[in-house]
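Asker: structure for the following, please:
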Amino acid sequence: MVLSMNKLSVRIAKEMIDREKELGLLVSEVGKASVVDAGVKALGGFEAGVLVSKICLGGLASVSVTHFTIEDLYLPAVAVSTDHPVEACMASQLAGWRIQVGDFFANGSGPARALARKPKKLFERLGYSEASDEAVLVLETEKLPTEAVVEYISKEAGVKPENLYLVLVSPASIAGSVQVSARIVETGLFKLDALGFDLRSVRHGFGVCPVAPLQGDALAMAGRTNDMLLYGGITYYLVDYPADSKLKEVVEKAPSSASKDYGKSFTELVKQFGWDFLYKVDPSIFAPAVIVVNNVRTGALFRSGRVNCEVLKKAIGIA
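Answerer: Residues are numbered from 1 along each chain as shown. Here you go, the predicted structure:
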């Protein structure tokens, strides 16, 4: 049986629509598409964030709320596990579709990316394709989509507008913060891929990441949520790999601590550079705080990185 991430995610989107009031959502129709607001004008919440995260992961992962300890401080956290890490994280969850139609801008995540093949080179490399007459896309945005946005997305995904589901979150919402922390497994895979590691050898993935406390606006939250991933995110992967020596080398380079810019707080960088902060640091810092890899072929276990409580507490204003 061929898994369809879009079909799996449509079920979750329909569940959200059915539970609109319970989850604090606002459901509407724009250009015949179903629009589920989980955190732009809607209040949303933790449970909405969990369901948004599951959609981002193409319905191929478990997501739950847990807790995280930063010395004497307890924060909510997200735990993610998947037995389909490459499909769920790279072919769906990765925010690889930048959408701009008129004055509307959003980063698109979720299984509709696999239909539109955004970005194309990544899907060619992954060798992943999917066919579906229904599509779901999660949009990180501050605005509601227009009919022109619906028309563009449905055309790119190859589905009728009435078969398109758009789920909206603002980075400054609780659901938005939850779904960013739920990118922890993806963050590690993205770094492994950047290091030239063959992701096809990754069999399973697990991760835990604290959820950033809410603060003011989307830019401020972009700094905080990145700090949670890079200085508090913990990942664990099971791989089937032939060479332990090579695997050890990769793992040592994988955490954020391997970057020359390690220790810089993104919460502070956004104050200085605004949205340009993304281009003011060494790209290799975009990685989990901790990575643990178990080679199922040899039984070896490799670990690298550490949770940086000092930066985390500074990021949320705790001295």
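Asker: what residues sit buried inside stretch 279-292?
Answerer: 281, 284, 285, 286, 287, 288, 289, 290, 291, 292 (16 or more other C-beta atoms under 10 Å). To be clear about C-beta, it is placed using only N, CA and C from the backbone, and glycine gets the same treatment.
Asker: what's the most distant pair in the residues you listed?
Answerer: Maximum pairwise distance among the buried residues of stretch 279-292 (C-beta to C-beta): 24.5 Å, between 281 and 292.
Asker: can you show me the strands along the stretch 151-300 of the chain?
Answerer: Here the stretch 151-300 of the chain has its strands, by DSSP state E, counting those that start in this stretch, at 164-169, 202-210, 234-239, 290-295.
Asker: tell me the most buried of those strands?
Answerer: Most buried of the strands of the stretch 151-300 of the chain, by mean neighbour count (mean count of other C-beta atoms under 10 Å): strand 164-169, with a mean of 28.
Asker: so which elements touch that strand?
Answerer: helix 5-18, strand 33-37, helix 46-56, strand 135-140, helix 147-157, helix 174-181 (3 or more C-beta pairs under 8 Å, 6 or more residues apart in numbering; DSSP states H and E).
Asker: strand partners (parallel or antiparallel) of it?
Answerer: Here strand 164-169 is paired, per DSSP bridges, with strand 33-37 (parallel), strand 135-140 (parallel).
Asker: tell me the confidence at the residue positioned nearest the centre of the chain?
Answerer: The centre of the chain sits closest to residue 183, judged by C-alpha atoms, centre = their mean, with a distance of 3.1 Å. pLDDT, residue 183: 99.
Asker: might you report the residue contacts of it?
Answerer: Applying C-beta atoms under 8 Å, 6 or more residues apart in numbering to residue 183 gives the contacts 56, 93, 209, 229.
Asker: from those, which is closest to residue 197?
Answerer: Of all those, residue 93 has the smallest distance to residue 197: 18.0 Å, by C-beta to C-beta.
Asker: my guess is that closest one contacts residue 111, does it?
Answerer: No: checked against C-beta atoms under 8 Å, the pair residue 93 and residue 111 is beyond contact range at 9.2 Å.
Asker: anything in contact with each of these two?
Answerer: Jointly contacting residue 93 and residue 111 under the rule C-beta under 8 Å, 6+ apart are residue 58.
Asker: which residues of the stretch 51-200 of the chain fall in helices?
Answerer: 85, 112-116, 120-126, 147-157, 174-181, 184-194 (DSSP state H, counting those that start in this stretch).
Asker: want to throw those into TSV with mean neighbour count and distance to residue 68?
Answerer: Output for the helices of the stretch 51-200 of the chain, formatted as TSV (neighbours: other C-beta atoms under 10 Å; distance: least, C-beta to C-beta, whole Å):
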stretch	mean neighbour count	distance to residue 68
helix 85	28	22
helix 112-116	26	29
helix 120-126	13	30
helix 147-157	19	35
helix 174-181	29	9
helix 184-194	25	11
